Structures are given as C-alpha cells and as structure tokens.
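In: What follows is a predicted protein model with its sequence.
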Amino acid sequence: MMGRTIFIDPGRCIGCQACVSACRECDSHRGTSMIHLDYTEPGTSVASLPTVCMHCEDPIAPCAEVCPADAILVTADGVVQQADTTRCIGCANCVNACPFGVPKIDLQAKLQMKCNLCYDRTAYGLAPMCATVCPTGALFYGTLEELRAERPGVQVADSFVFGDVVVSTGVAMVVPADKVQWPVPGGLPVVEINGVDVR
Amino acid sequence: MTQQPVPLDPSIAPPGTRSFRDAGGIPADRWHADQNGETLVPTHCCFCGVQCGMYLRVDRGGKVFGVEPRNHDINRMRLCPKGINAYQQVNHPDRLTSPLLRHSRDEQFREVSWDEALDFTVSEIRRIQAAHGNDAFGLLGGASLFSEKTYLVGKFARVALKTKHVDYNGRLCMVSAAGANKLAFGIDRAGNPFSDILLSDCLLIAGSNVGECFPVMTQYLWGARDRGATLIVVDPRETAIARTADIHVALKPGTDSAFFNSVLHVVVQEELDDEAFLGAHTTGWEEVREAVAGYPPERAAEICGIPAEQIVQVARTFAGADRAMAWHARGIEHHSQGVENCLSVINLCVATGHIGKPGAGYGTITGQGNGQGGREHGQKSDLLPGGRSITNPEHRRQICQIWGIDEAELPTAGTSMMEMVWQMQRKEIRGLIGICNNPFVSLPNYEVVKEGYDTAEFHAQFDFFLSETAANAHVVFPVTTWAEDEGVMANAEARVVKHNKAQEPPAGVRTDTWVLCELAKRLGAGDKFDFAGSREVFEELRIASAGTVNDYYGITYDRLEETGGIAWPCPATDHPGTPRLFEDGRTYHPDGKIHMQVVEWHPPMDPYSDEFPLSLTTGRTVAHFLSGNQTRRLGALVEQTPRPWVEVHPSHGFRDGDPVRVVTRRGSEVFPALVTEAIRPDTVFVPYHWPVPTAANALTVDALDPRSKIPEYKVCAARIEAAERIDEVPVPLTPPGREAYPETQVSRTDPLPPTAPQGRGTAERS
C-alpha cells in the first residue's frame, strides 16, 4: 500500500460536486476541473461517486505507457503527472488508454490535462484541493493508517480488473469488507485473472 | 456561571486536523503569500448557517480572485460548492455600481448620484409619513447581513423612520425553532455545538436535507457513525443522508408533531422516560404525558402514512441511547404548526433526559449565514437588541436609555414579513425599504407578493445584484458584498465569528452601514447614527446586549480574531462563552426549569381534496442559496443545477424529463419530471431557488404559523398533470445597459433535469 494518497469512499458521497468546483480552483489547471462525478446506478439510487486520476502503478500508468511524446512523467512517489506542456502533442492517446476516463484534451491548445494529485499543493505538505474540501470525507487524503484511525475497520482496494488486465493504482477505494479479497471490477465482467477463475 | 469551552477529544479528530483552534492569519508555511505576492484574508463563507472558515485570495492589486480552505474549528478545511464559488460574485460583471432611480415603475432605471438617490428616498419617506403616519413606511432586513447591520436596521426603523414596521427574512427561516426554544428553555439558540455530534450515540435528523443544505455538517454525522452512532432521519424524501440512515421515517409532509407525539407516547408506555430528570428540571410534564396518550402508534401511523412499528423502533432507539441528539431544520419548521413541531422534538429530548450533556441535546440548523444572529439584536418586529421584548416596559426603558430617546418615541411591535406584504396590498403600508432580501422569489404565493409590492407607492432596495425584487423598486442602492466589509455573524451553534474585509468595494459601491447612516442624517437622526463602520456599531451592540440572555458584552473583535469564535452568552471579556447550554441543569427561565409544552397535531392549512390530492413540498439544492440572486450568476453552480424540476413517484406514470404541470390553489407551473422512488407517491417536490415562471413559491400557500408567523412552505395541496412544454428559466437580471454575463446562460434552456435521477428505483428509463 502506498503512503499518503487519496482514498475514495463512495458510501459517503452526497453528490454535491464540491470536489469538482475545488478542482477547478487549483492552480495547476485553474478553470478546468479534472474530476468526474458519476451516478453509479442512475435511476435506481442517489449513490454517486467522484472519479479522480487513480495514478496507476502497474506496470506503468497506461496513459504514460502509450504516450508517443514521453510527455507524461511519473514521479518517484508514484504521482502520474499531467502532460509536460513542452512535449505534449495533443494526440489523445492517453485519453483512449485510460481505463478510468480521466485525461482531457484541450483540442485548441493541443494539450492534455489531468489530475496530478495537486502536486503544487502536496509538495508543500497540503492535501489536494478536492480531498481538502470534500464535506463528507468521500475523498480522503492521508495514509491508510490515518484513514483507519478515523474509520475503524475500513477496507480498501487498490486493484481494478478490466477484462483480463489488473491495474494497480496509487489511489485507493473504500470497498465493502467482504469484497476486499478481490480486485474491484472496473468494467467488464470478471471471469478469471491470470488463469485463475475468480467467479 | 462560567463554563469551559467544549473539549474536543483528539482521538476523534480527523487526521491532519489536530489543531482545532485556528486563529486566522496566514498559514504557517505562507506558501501562497510568498509565491505570487498574493495574500490570504481569513474570513467565513457568506452563505449558510454553518459559517465555514475560508481564506479569500487577494492579488497584488487588492482584488479577490480565489478561495483557499481554512482549518477552522467549524469546518476543518471542508467547503461545499457554494463556498468554493462564492468569491466569484465579489468582482462579478453583474455587480451594481451606481444607484438606480426611477419615479414610477413605468420608467426605466437611470444611474444617478448617491445624493440624488438618498434625497429622493428621504423625500418619499417624508411624503408618505406626513400623509399617512409613520407606520405607513416599513423596513425589511435580511439574515445574511452582519449582526452589526441587523442591529442598525432595527435601530434605524425605530429611531430614524420611527415606524413599528420592521422585520427580516429570517422570518422565513428558523423562527419556529426560535419560538419553541424560547418557550421551553427561555433562550433562543441551539443547545449544543456541532462538535457534540461526534460524541453522540444516536442522532435524529428531522426535516433536514443535511447533505444538500448544510453539506459540511455531514462530516460530523459521518464522524459519529464511524464511532457507532445510530442515525435516524425523518423526511418525506430519501435524501443522501436518509439513504444511509439506520432508520428513515418517510412520513407525509405536515404530520411531524403527530409522529413525535407518538414516539413520546411509546416512550411513556414502555417507561423509557427519565423520571428523575423530569422531576428535577421540568414543568408541564404531566400535561404533556396526558396529551401524548392520544397518539398511539396506530393512530399516528395512519396520519403520517408510515408503519406503526417504525414509531416504536424510533422511540426505543432514541430513548435507549446513552447520549442522543435531535437536529432539525426547515422541514419541520416551515409549517403552520412549526413551533409545535419543534416543541414536540424538544419534548422528546427532555422526556428522555437527553439534554445539556456532551453528545446529548438539540439544535436547529440555520439556513442563512446569520439566521441566528440576525434576529438577536432588534431586526425582528417584536424584539429589541439583546433579544429584549419590545412590549416589556423594563426592556423598552433600557434600550431607550442606550439610544438616547424618549420612551414614548419608541414604537411598539410591528407585524411579520408576510403580514407586511398583506398590509401593502391593503395600502396600510405605502412605502418600503428592503435590505438584503428578495421576497419576489422567497415569499410564498408570488401573485400576492407582487400585488403587494406593486401597490406600494415607494420601494427602495439595497443589493449588490439586481434581484427580482430590486427590479420592482424605485431606488436601488448598490451595496457591498461580505468580502468588502467586516462584521460578525452567529452560526447555527450560536458561535459568533468574524468576517474580515478582503478588498475595497468597487467604485460607486457603499456599505449598508454608510447608506443607513446617510439616510438617518437626512431624516434628522444623524446624532444617533454617527458610525464610521462596523467596529463602532459592534461596540454599541455589545453594550446594548449586556445583561440580557443574548449577552455579547464579553465578545470583542480582538477576541474573535484570536479564537475560532465565541458562543454567546458571553457576559465578560474574560468569559469563555457558552458552547453548550444547561450543563448545570438550569435553563434561562426565572425558575431555571424547562417548560414543557403540550402539542396537538392539526392538519396543514391548505386542505387536500379530490381536485388537489397531493402534497407539494419544497426545498433546496446543494448548488444554490435561497432566492438564487447570488448563486444563479455563478457559472459552475448554474452548470451544476441550471433549473428546477419536479420530483414525482413512478406510480404517476411519467418518465424522466416529461413536462409536468404542478397545480395548486395559487396557480400552476411546468417543470421537467424527475421520476424517483425517493419520494412518497402522495408527495411531489420542487426546489425553490428560481423566479417565475419556474418559481415553486408561485404555488406555495401563504398560511402562517400563528405564533412564529413562518409561512407553511413545506406542505400545500396540489395535483400534477401532463403538459405540452416546459417553462424556460429566466436569465438573472442585470443593471441597465449591460449584457447578461455569459456564464449565467449555461444550460439554461436544457429542458431535462440537470441532476441525476434519484431514488431506490424508478420507472422505465427514457
């Protein structure tokens, strides 16, 4: 498990979009939010879920892996940075590669933008803007130990299954206690992982 | 009675927030301040009664350009979308920057000098009062004003205008709770600080959509649940908080007191009441016990439309908890029995002994930023500063002495906000000044409101945007936002916090204080209004409140700068304030007892019929604040919730986005449907932040609670029917000669509901 990172707790999300507004205010891409707010079961539940960049780790972030211009750098602490403006060619490969639908392209500027875990803030010891303001703690920034100190017994997952690919992430998600043994399905039905039947 | 500040248990503090006392100033690392020459001004959000601490980012040119979270006691860095976007209104292109004037409503506004606007206003006041008496002119204030300004509004009405007709829009907010608290405890405020929620074992939330109306308060609810507290939510809708509650009581609107009486009935039947506490600290318990005997669960279940077992379950859970708290808001207060509803909740807390202890008590969650402080110092029609009664001879004498006027000159009690509109209809009130309010959107029964204002011979309005109400005025005074002045507000905990000035007002804009003092000078009362600014007004307010229940004497600007806020009563400058009431078992009645009050349920004032079989209830969305005059101009918030909708149960056969006409005895309007099982089949819901033709308040009833005079917003009889087209949302009004700000146009004509479909299950999706 990573050190200090964002934990997403969908059970606490009230759909208020404070994170979306806060992201718009952060200095690295001021004016544009890098967060999506999704309703996971539209029509059947008020449940909602903020999606930030998951800062994929394994083997390397897909967006960085496919970048033809080597514009997406991953720092030593696992933060997948937004595209380097001097390198990005706006090709949108990263948009297509991201399993979570996070990066955005400014077509006019031919420039990619994505969440960089508020590197401008975390480098100074501040929490990312979204997790700072989240009124309910649905976005939490800290270590797993700090999360558990506040929410005893909480279980988290940092692996997501997309077909036969498992993606490990730097950002983790709070999951029901009985689901923690399995990677969290990210899209397609889970049948097997690396030859092992997980049904 | 010196009390210590509420100790906050460090073990329950969220990580990263070990320091609970943020005195303000620049953060230790000064990262922003050093980076770009910008400064961070510590202040609070201008919107709801939570009063989150925030920093406003100010650039080298002295202009507010952003927001930074602040680790303040109340919110511990958290902010909701309104708070994050609030700074955008400070330098918004729609700001009024020159007084507007016209001699009749047929004319267009023209920009005039301050002298011309002030002189014309004073000549109209004199003309009307000379012809029809002093009480023919009225003043309506607002609960988003700093307390200094609300003090000044009350004083201006009685000393400069010499009228009894002064009231405020907090009348539409939490006056039911205020009335109930005063009756039961002799003090008008919540009993406990927010931090007590974290210590509670059972939380009962009645009529409060906490997630959308007070988002930052949810952290306290979740924090309590992390420690194992049980959550009970009483609300006709399955809100985000109700979705995760242990018990969600989805009762029919307007039946709250029947429900709480029945819960107390079960408490009595099962001997779960705290006889020792009741015997030592209360009066009236015998009468209450007899009254609730008439509400067995079977009867209440029928009235409320809920299972009888749920009433028993709530009674056992609440009464059985070691420490239980009840918090309520407009859902039970906006009723013609609003005071009774609040009293029935208080009766439950008191009978079970859940009062005056860490984690046990009651509270009301204020809607407006200064909903609590806004009435404490004389802005309400029946109150003088310090919560004194205007009909009490001793109180009148005290205030006249402070103000330096003759007792005979002090008017008596006036009427409430809605009643003043009726008086305008009847030409009993012929002139009006409105400050910081927008009754064209916020009052019920729009047609009546419009007729009242149209009948008035003269109307002036203070505002920083051209609200729907300001557009009706003869004179509009452009005044400051909260970021351009300093002052205090009292939040829902009765904690007084200080707002600081972050930038100079735009050219042409004046503070409300300056305008009131200038008008007073022209009316010949200048010697009583010789205030250079908020600080001087606050000094007089402190003295005027000294010795009362609402004692602010020990609160100073300097102390507020040093602390995270001070809860009143605070009688001395070395007094720590009173975050939690009744810790010694004594209330503020002369006998020190809790005066329990008998409550009898009665049906809502707008009767159901075959023609109008449904309940229409109204409420807020997370993105907008009250009449939307501010938030409907901020692009991100408009984008988030561009228009109102009507929530209907799938059993009515509509599909999402269908045009649905909502009809009541006052009129009809068409909204897109949001089909959801999150609402009862017999109830429909419309959010109320928009003007006609998308105004929920064109449909609601102007029936009032007889004691608090709060309108019955939360229930009226209605029907729904299919419509052809959906009413388009009007663009916010802009000053003459200016184009509407483009961001306020976002998604405005989108006919579909902007929010995601809600509820446990819906009809077939389109």
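Out: Here it is on my side, so go on.
In: Provide a list of residues in contact with residue B:741.
Out: Residues near residue B:741 by CB atoms under 8 Å, 6 or more residues apart in numbering or on different chains: B:92-94, B:633, B:734. C-beta: built from backbone N, CA, C; applies to glycine.
In: just those now: which is nearest chain A?
Out: Relative to chain A, the closest of these is residue B:633; by CB to the nearest CB it sits at 14.9 Å.
In: number of nearby residues for the closest one?
Out: The number of residues packed near residue B:633 is 24, by other CB atoms under 10 Å in any protein chain shown.
In: Residue B:530 now?
Out: Residue B:530 has 10 neighbours, counted by other CB under 10 Å.
In: Let's see the pLDDT reported for it.
Out: As predicted, residue B:530 sits at a pLDDT of 96.
In: How about the secondary structure of it?
Out: coil (DSSP: H, G, I helix; E, B strand; the rest coil).
In: what do you get for residue B:140?
Out: Of the three states, residue B:140 takes strand under three-state DSSP.
In: check contacts around residue 85.
Out: Since no chain was named, I'll use chain A. Residue A:85 makes contact with residue A:111, according to CB under 8 Å, 6+ apart.
In: should've been chain B
Out: By CB under 8 Å, 6+ apart, the contact set of residue B:85 is A:21, B:631, B:634, B:636-637.
In: quick one: which of the contacts of residue B:741 is most hemmed in?
Out: For the contacts of residue B:741, neighbours were counted by other CB under 10 Å; the highest total belongs to residue B:633, with 24 neighbours.
In: By neighbours, which of the contacts of residue B:85 wins?
Out: Going by other CB under 10 Å, residue B:637 tops the contacts of residue B:85 with 30 neighbours.
In: any idea of the pLDDT on it?
Out: 91.
In: Could I get the phi/psi values of residue B:610?
Out: Phi and psi for residue B:610, reported as degrees, to the nearest 10, are phi -60, psi -30.
In: and the closest residue to residue A:59 other than its chain neighbours, how many residues sit next to it?
Out: Once flanking residues are discounted, residue A:59 sits nearest to residue A:65: 7.6 Å by CB to CB, 6 or more residues apart in numbering or on different chains. For residue A:65, the count of nearby residues is 14 (other CB under 10 Å).
In: Distance of residue B:157 relative to residue B:464?
Out: According to CB to CB, to the nearest Å, residue B:157 stands 22 Å off from residue B:464.
In: Could you count how many residues lie near residue 176?
Out: Going with chain A. 9.
In: looking at chain B here, not the other one
Out: Number of residues near residue B:176 (other CB under 10 Å) recorded here: 28.
In: how about JSON lines for the contacts of residue B:741, with distance to chain A, pLDDT and secondary structure added?
Out: Putting the contacts of residue B:741 into JSON lines (distance: CB to the nearest CB, whole Å; pLDDT from 0 to 100; DSSP: H, G, I helix; E, B strand; the rest coil) gives the following:
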{"residue": "B:92", "distance to chain A": "16", "pLDDT": "93", "secondary structure": "coil"}
{"residue": "B:93", "distance to chain A": "16", "pLDDT": "91", "secondary structure": "coil"}
{"residue": "B:94", "distance to chain A": "19", "pLDDT": "93", "secondary structure": "coil"}
{"residue": "B:633", "distance to chain A": "15", "pLDDT": "92", "secondary structure": "helix"}
{"residue": "B:734", "distance to chain A": "23", "pLDDT": "92", "secondary structure": "coil"}
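In: Tabulate the residues you listed (TSV), appending distance to residue B:347.
Out: Listed next are these as TSV, based on distance: CB to CB, whole Å:
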residue	distance to residue B:347
B:92	46
B:93	52
B:94	47
B:633	43
B:734	50
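In: Buried ones in stretch B:506-526, by neighbour count?
Out: B:506, B:509-523, B:525 (16 or more other CB atoms under 10 Å in any protein chain shown).
In: can you check stretch B:655-674 too?
Out: Buried, per 16+ other CB under 10 Å, within stretch B:655-674: B:656-664, B:666, B:668-674.
In: Chain A contacts on the stretch 601-750 of chain B?
Out: B:622-623, B:636, B:640, B:656, B:678 (CB under 8 Å from any CB of the partner chain).
In: List the ones among those residues that fall in helices.
Out: B:636, B:640 (DSSP state H).
In: can you tell me which two in the residues of the stretch 601-750 of chain B next to chain A are farthest apart?
Out: Distances among those were taken as CB to CB; the most separated pair is B:636 and B:678, at 25.0 Å.
In: Which pLDDT value belongs to residue 133?
Out: No chain in the question, so chain A it is. 95.
In: that's the other chain; I wanted chain B
Out: At residue B:133, the pLDDT value in this model is 98.
In: Can you give me every residue that contacts it?
Out: Residue B:133 neighbours (CB under 8 Å, 6+ apart): none.
In: what about it, distance to chain A?
Out: Residue B:133 sits 49 Å away from chain A, going by CB to the nearest CB, to the nearest Å.
In: Could you export the residues of the stretch 601-750 of chain B next to chain A as a markdown table, including distance to residue A:109?
Out: Shown next, in a markdown table, are these (distance: CB to CB, whole Å):
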| residue | distance to residue A:109 |
| --- | --- |
| B:622 | 32 |
| B:623 | 29 |
| B:636 | 21 |
| B:640 | 25 |
| B:656 | 36 |
| B:678 | 41 |
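In: ok, of the residues of the stretch 601-750 of chain B next to chain A, which one's closest to residue A:76?
Out: Looking across these and measuring by CB to CB, the closest to residue A:76 is residue B:636, at 34.4 Å.
In: Is it correct that that closest one is in contact with residue A:24?
Out: Yes. Between residue B:636 and residue A:24 there is a contact under CB atoms under 8 Å: 6.4 Å.
In: least trustworthy helix or strand in chain A by mean pLDDT?
Out: The weakest-scoring helix or strand in chain A, judged by mean pLDDT, DSSP states H and E, is strand A:192-193 (a mean of 62).
In: I'd like the mean pLDDT over the helix or strand that that one is followed by, please.
Out: With elements assigned by DSSP states H and E, the helix or strand that comes after strand A:192-193 is strand A:196-197. Averaging pLDDT along strand A:196-197 gives 74.
In: same deal with stretch B:411-419?
Out: When pLDDT is averaged over stretch B:411-419, the result is 97.
In: do the same with stretch B:650-668
Out: Computed over stretch B:650-668, the mean pLDDT rounds to 95.
In: Could you name the helices and strands sitting against the helix or strand containing residue B:219?
Out: Residue B:219 belongs to helix B:218-226 when assigned by DSSP H and E. If you count contacts as 3 or more CB pairs under 8 Å, 6 or more residues apart in numbering or on different chains; DSSP states H and E, helix B:218-226 packs onto strand B:202-206, helix B:210-213, strand B:230-234.
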